[in-house]
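Asker: pasting a predicted model and its sequence here:
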Amino acid sequence: MDILTVTDADDPRLDDFRGLTDVALRSTTESAGGLYIAESAKVIARAVAAGHRPRAVMVQRRWLDGIREIMSDLEVPVYLVPDEVAEGVAGFAVHRGALASMHRPPLPPVASIIDRASLILILEDIGDHTNVGAAFRAAAGLGADAVLVSPRCADPLYRRSVRVSMGTVFQVPWTRITDWDDAAAELRAAGVGIAALALADEAVSLRAYARERPDRVALLLGSEGYGLSAEALARADSVVTIPMHGGVDSLNVASAAAVALWALSER
């Protein structure tokens with residue numbers, strides 16, 4: 001670990017952390033560069049503990065001791081910056097004091113993720129990074145063994161997703177599916193039933209499904225606005241709904257994931 005003091009917000013060594021408020025720009029840059037951003041010492045520590053490799057760290061002085069402890073055995077530059085430089089580079093007040101640019105590990109194949117998993121969460125086309133992070137936190141806290149995300153689902157390793165998940169995106173094994181037919185075939189070959197959470201006339205209540213759930217089940221949730229696609233619904237073995245009251249027809253997707261995971265883990 002090399003601690004280097006940087007006092008100029010335009011210093012090119014800080015480019016990994018520049019303009020983080022622009023979601024489209026960061027998504028493009030992170031994907032193209034094979035990087036993602038971890039924010040706060042707690043999240044950085046969880047990423048490192050999961051085997052992810054940091055490329056660089058930008059830290060404010062009052063947070064340096066925590067970063068020093070995490071990075072002590074790693075060969076990585078740690079850029080020590082004043083508060084105003086951190087804010088000028090990132091584009092927001094870095095309240096948690098530290099940002100790390102992390103190398104993205106290669107995504108594992110679906111088969112290795114679902115192997116021996118009894119409760120799997122599948123997220124189709126969730127657009128809000130906050131919802132993705134909250135769904136991962138629910139998965140970690142409520143006993144899901146794995147998470148699969150669709151090709152158009154928001155990035156679980158985007159800074160906001162990681163932060164909202166409290167670093168649990170590094171705890172729960174996950175990968176992206178590339179094709180619905182292939183993913184459904186692999187799940188069925190592994191003996192996993194697919195339960196789609198959706199509003200439909202033929203849907204069974206979550207309570208009833210949980211009583212008779214298969215030993216291995218994948219819970220499938222769709223996007224915030226439109227729910228599950230017809231393609232995803234066609235792959236489901238069962239359609240399940242959460243009974244609602246008070247004129248409310250549905251919950252936020254992350255809340256629905258938490259409720260359904262709890263019900264299925266408490267069979």
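Answerer: Sure, I can see it.

Asker: quick one: the strands in the stretch 51-200 of the chain?
Answerer: Remark: strands assigned in the stretch 51-200 of the chain by DSSP state E, counting those that start in this stretch are 54-60, 77-81, 98-103, 119-123, 146-149, 174-176, 193-197.

Asker: neighbouring strands - and their directions - for the second one?
Answerer: It stands for strand 77-81. Strand 77-81 has these partner strands in its sheet, going by DSSP bridges: strand 2-5 (parallel), strand 54-60 (parallel).

Asker: who's in contact with stretch 192-199?
Answerer: 114, 117, 120, 122, 184, 187-188, 206, 209, 213-214, 216-222, 227-228, 232-233, 235-242, 249-250, 256-257, 260 (Cβ atoms under 8 Å, 6 or more residues apart in numbering). All C-beta spots, glycine's among them, are computed from the backbone N, C-alpha and C.

Asker: so which residues of the stretch 101-250 of the chain form helices?
Answerer: According to DSSP state H, counting those that start in this stretch, the stretch 101-250 of the chain carries its helices in the segments 110-114, 129-141, 159-164, 180-189, 206-211, 230-235.

Asker: quick one: the ones you listed as JSON lines, columns for mean neighbour count, mean pLDDT and distance to T5 too.
Answerer: JSON lines is the format used below for these (neighbours: other Cβ atoms under 10 Å; pLDDT from 0 to 100; distance: least, Cβ to Cβ, whole Å):
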{"stretch": "helix 110-114", "mean neighbour count": "18", "mean pLDDT": "95", "distance to T5": "42"}
{"stretch": "helix 129-141", "mean neighbour count": "24", "mean pLDDT": "96", "distance to T5": "32"}
{"stretch": "helix 159-164", "mean neighbour count": "22", "mean pLDDT": "89", "distance to T5": "24"}
{"stretch": "helix 180-189", "mean neighbour count": "16", "mean pLDDT": "92", "distance to T5": "49"}
{"stretch": "helix 206-211", "mean neighbour count": "16", "mean pLDDT": "94", "distance to T5": "55"}
{"stretch": "helix 230-235", "mean neighbour count": "15", "mean pLDDT": "90", "distance to T5": "51"}
